[in-house]
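> please work out how this folds:
(chains A and B)
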2 protein chains.
Amino acid sequence: MTVTGFPTNPYKGTRDFYPEDLIKRDYIFDTWRQTLVELGFSQYETSLLENADIYIAKSGSELGGSQLYNFKDKGDRFVALRPEQTPSLARLVAARYKQLRFPLRWFSIPNCFRYERPQKGRLREHWQLNVDILGLEAGAAELELINVLASVYKAFGVDKNHFKLMYNHRRLLDDWLEDYDLTAHKELVYRVLDDWFKKSLDENISELRSPATRGNETDNSNSNEVGIADNDQIQALIELTSQTGPAFDKYLHLSQNYPEIDLLQKLTPKLHPTLEFELNPCIIRGIAYYTGFVVEAFDKHPGNPRALNGGGRYDNLMEIFDAPPTPAIGFGMGDVTMLSFLENWGLLEGCEQFENWALLRQPIRVGLLPKTPANLEKIYLDIIPNLRNLGKTWEIDYDYHRSPNKRYESMKKKGCAEVIEIF
Amino acid sequence: MTVTGFPTNPYKGTRDFYPEDLIKRDYIFDTWRQTLVELGFSQYETSLLENADIYIAKSGSELGGSQLYNFKDKGDRFVALRPEQTPSLARLVAARYKQLRFPLRWFSIPNCFRYERPQKGRLREHWQLNVDILGLEAGAAELELINVLASVYKAFGVDKNHFKLMYNHRRLLDDWLEDYDLTAHKELVYRVLDDWFKKSLDENISELRSPATRGNETDNSNSNEVGIADNDQIQALIELTSQTGPAFDKYLHLSQNYPEIDLLQKLTPKLHPTLEFELNPCIIRGIAYYTGFVVEAFDKHPGNPRALNGGGRYDNLMEIFDAPPTPAIGFGMGDVTMLSFLENWGLLEGCEQFENWALLRQPIRVGLLPKTPANLEKIYLDIIPNLRNLGKTWEIDYDYHRSPNKRYESMKKKGCAEVIEIF
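Next up is the predicted model:
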């Protein structure tokens, strides 16, 4: 007995990929994969199911709290659908720490789940390119990572008109804060800079002068924060964030103490002259997590200026699995964001690069009109092998009794670019 | 604060794919995908999460019972990790039934979850190629499906030495049973034929004569089944299953009433002369589900004779979503089974076809030994672009102070096939 009448919508916050949708997503995946492989990276993959406790252990994170998809399996194991890939990466590396040959250049394209209210650009299930370099020293790793980021974007046909890559270094920012006697306000400055591009200059300065009381936060920061009263300090922060004047010059000067930043300042414009790179003190990439270098791609679309993806250095990756401290640097890039970025800039439909790729996945279809069932032998033995050699596919019309005109029309409606009658 | 010391094994019954493992799995996926696209099929994909009730509605199935991964989400929705792809396919087709242009030729490569004791060849998570043709008439569809199956196997370099394709038709078997007055024993015969190749002839005949009392079954069949006492009937069944003698000739004669079987008998040997095809009355493919034509690929490996994958016609696919009845035919093929099949026959490592493919995913790596950090500019601007043009990747050695010999050895250990000193 079968129950009937179930609704046909997908589970809330997830997507059905009909063939025309999957073509676009797989263009993104294939472009990611091909670029990474060309740059010497190896793909790995883990199961969607992980021990739920490894996410909960990272206390203070929404990912391991209210947004986690977790449940007890039928053997009473506490499991989760992964909300992010990094803990699984750490697990794989820790499990074979002694056998693996560092540096590792690894990538993965996992689907990740977050329980949240679905909204534009944020779904319960999304896919995310994760790229990581483990065991490579600072400087070399930053240069390589930013070269990967640049190469990935260029592979989609984008240039400095569409986006820019901004990078920063948290310890450099700390040095600058110390120089301007602002270390006591570090938490406040980090928080305001992290949201800098989402607000006006006036709003940001006002927040720096007198921070709004904030309830309901997850990062445990002080809700009775002291604002910055000194006008010279405020002026320095205005210069820093607008990248002009003596305070920003000071930032550039201090950056020479960080060989990884110095290297990027000198080499990136030569490496990728069609792209824009910028040392930008406002790039923070969240309050916790990253330990030094951070990087962000920023969409220049006038209707939708926003961060596209980000990454940075996170040297304490391995501790939850008791493996030795390992220099690690990486970035993530989501399929939902990338798809809307490419669509907004007209880099999918109608774009030659995409259409050429799509033809490989949806080849030209030829309609075949046999006169009688006896023609099937000729079709399968002679015609189909020839069409395969030409990279074409076919549709056979079995309505032998209809008029040739109607059969021809029917093949055209089914998307056949050519129609052949078989005798 | 971070908790440490978590175990590094994957969740029970799932696999970690280190790069060397993913290469093999993706060779299988890419070969599947390329073959299907060349044959005019389009890929679709659905979310892993589905309404749990659609599996439970198919009563009597283990997939919707004790083996189902189901849980309540934080909004009290009853969800499941899909155990199979077919209900999701039916959902997508039902949702756009009027807009879609039939026949549909669709495939997907989903991961599916089953809660069971992990054992050789059966895991809690596996991937499965699902190929379906919807809305194409009997005969045309069977020929096309078996052509797809044959083409997929041939794409891996296999031939009649490795496996054979066996097909059957349930209504044809019913006709034969009627001719031999065995209709009353249909359930027993179906059940014994379904397990035919797993037992000896003596065991099978003994079961037909006096069926063992079976408890604990899920298919609601009668546990007090009556055996077949008539020696002529037993003799007919022996002839049928050994494909010799008048009872099998009768089967062949009756098969001419089924144009789809007749077409396969005539065309398949000509279409794929390097493969073996066989009309085999023992092919049942489970007690429920299929409604006519059934097909099975059988591994001829002497150490491991077994079914590799199967499929058939299932015309009542759409009813749980209240869409019109639609002719449907399809097959599934699992990644675990396919991987061990190829490995057992030596069709992966050391096989030219696989190695050529793998080189695209793990290109030749060149070691670069700069004398000083100043050489990095030359490396990134001149050498790396040239290596990319040649389809090679690179590893840079940053230990400027070590001896050239030691640096050379280190690059070799990291898998570099060539090493270049940069001045």
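
> rest of the way, CA atoms for contacts and neighbours
Noted.

> max-length strand in chain A?
For chain A, the strand with the greatest residue count under DSSP state E is strand A:125-134.

> may I have the following helix or strand past that strand as PDB, with CA atoms only?
As assigned by DSSP states H and E, the chain's next helix or strand after strand A:125-134 is helix A:140-155. C-alpha atoms of helix A:140-155 as PDB (Å, rounded to 0.1, in the frame of the first residue of the first chain):
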ATOM      1  CA  ALA A 140      55.300  31.800   0.800                       C
ATOM      2  CA  ALA A 141      51.800  30.600   1.900                       C
ATOM      3  CA  GLU A 142      50.200  34.000   1.700                       C
ATOM      4  CA  LEU A 143      51.600  34.700  -1.800                       C
ATOM      5  CA  GLU A 144      50.400  31.300  -3.000                       C
ATOM      6  CA  LEU A 145      47.000  31.600  -1.500                       C
ATOM      7  CA  ILE A 146      46.300  35.000  -3.000                       C
ATOM      8  CA  ASN A 147      47.600  33.700  -6.300                       C
ATOM      9  CA  VAL A 148      45.000  30.900  -6.000                       C
ATOM     10  CA  LEU A 149      42.200  33.300  -5.200                       C
ATOM     11  CA  ALA A 150      43.200  35.600  -8.200                       C
ATOM     12  CA  SER A 151      43.500  32.600 -10.500                       C
ATOM     13  CA  VAL A 152      40.100  31.200  -9.500                       C
ATOM     14  CA  TYR A 153      38.300  34.600 -10.200                       C
ATOM     15  CA  LYS A 154      40.200  35.000 -13.500                       C
ATOM     16  CA  ALA A 155      39.000  31.600 -14.600                       C
END
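
> list the buried residues in helix A:140-155.
Neighbour-count burial for helix A:140-155, counted by 16 or more other CA atoms under 10 Å in any protein chain shown, picks out A:140-154.

> and the residue nearest the centre of chain A?
residue A:333 (0.8 Å; CA atoms, centre = their mean).

> burial count for the residue nearest to residue A:259 when sequence neighbours are not counted?
Once flanking residues are discounted, residue A:259 sits nearest to residue A:139: 6.0 Å by CA to CA, 6 or more residues apart in numbering or on different chains. Around residue A:139 there are 17 other residues, counting by other CA atoms under 10 Å in any protein chain shown.

> kindly report the same for residue A:423.
Residues near residue A:423, counting by other CA under 10 Å: 11.

> quick one: contacts for it?
When contacts are counted by CA atoms under 8 Å, 6 or more residues apart in numbering or on different chains, residue A:423 touches A:370-371, A:375.

> take those residues and keep only those in helices.
Cross-referencing the contacts of residue A:423 against helices under DSSP state H gives residue A:375.

> ranking the contacts of residue A:423 by neighbours, who comes first?
residue A:370 (20 neighbours).

> now it: closest residue in space, sequence neighbours ignored.
Closest to residue A:370 by CA to CA, 6+ apart is residue A:422, at 4.6 Å.

> phi first, then psi, for the one you found.
phi -110, psi 130 (degrees, to the nearest 10).

> ok, it - contacts?
With CA under 8 Å, 6+ apart, residue A:422 has these contacts: A:368-371, A:375, A:379.

> output those residues in a markdown table; the columns should cover pLDDT.
Below are the contacts of residue A:422 laid out as a markdown table (pLDDT from 0 to 100):
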| residue | pLDDT |
| --- | --- |
| A:368 | 97 |
| A:369 | 96 |
| A:370 | 95 |
| A:371 | 94 |
| A:375 | 93 |
| A:379 | 95 |
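
> what's the closest of the residues you listed to chain B?
residue A:379 (10.4 Å; CA to the nearest CA).

> residues touching that closest one, list them.
residue A:422.

> quick check: it is in a helix.
Yes: residue state for residue A:379 (DSSP: H, G, I helix; E, B strand; the rest coil) corresponds to a helix.

> from residue B:265, how far out is it?
17 Å (CA to CA, to the nearest Å).

> quick one on the thing from earlier: what separation is there between the residue nearest to residue A:370 and chain B?
16 Å (CA to the nearest CA, to the nearest Å).

> give me the pLDDT value at that residue.
pLDDT recorded at residue A:422 is 93.

> ok, now residue A:387?
96.

> who's in contact with the nearest residue to residue A:19 once chain neighbours are set aside?
Leaving out its chain neighbours, the residue that sits closest to residue A:19 by CA to CA, 6+ apart is residue B:44, at 4.8 Å. By CA under 8 Å, 6+ apart, residue B:44 lies in contact with A:17-19, A:22, B:106-108.

> any idea how far stretch A:354-365 is from the chain center?
25 Å (CA atoms, centre = their mean, to the nearest Å).

> give me the contacts around that stretch.
A:23, A:27, A:347-349, A:391-395, A:415-418, B:37-38, B:40, B:42.

> in stretch A:3-17, what's buried?
A:8, A:10-17.

> check stretch A:243-250 too.
A:243, A:247-248.

> against residue B:398, how distant is the closest residue to chain B within the stretch 151-300 of chain A?
Relative to chain B, the nearest point of the stretch 151-300 of chain A is residue A:271 (6.0 Å; CA to the nearest CA). The spacing between residue A:271 and residue B:398, counted by CA to CA, is 19 Å.

> rewinding a little: filter the buried residues of helix A:140-155 down to the ones close to chain B.
residue A:140 (CA under 8 Å from any CA of the partner chain).

> relative to residue B:314, which of the buried residues of helix A:140-155 is nearest.
Ranked by distance to residue B:314 (CA to CA), the buried residues of helix A:140-155 are led by residue A:152 at 44.0 Å.
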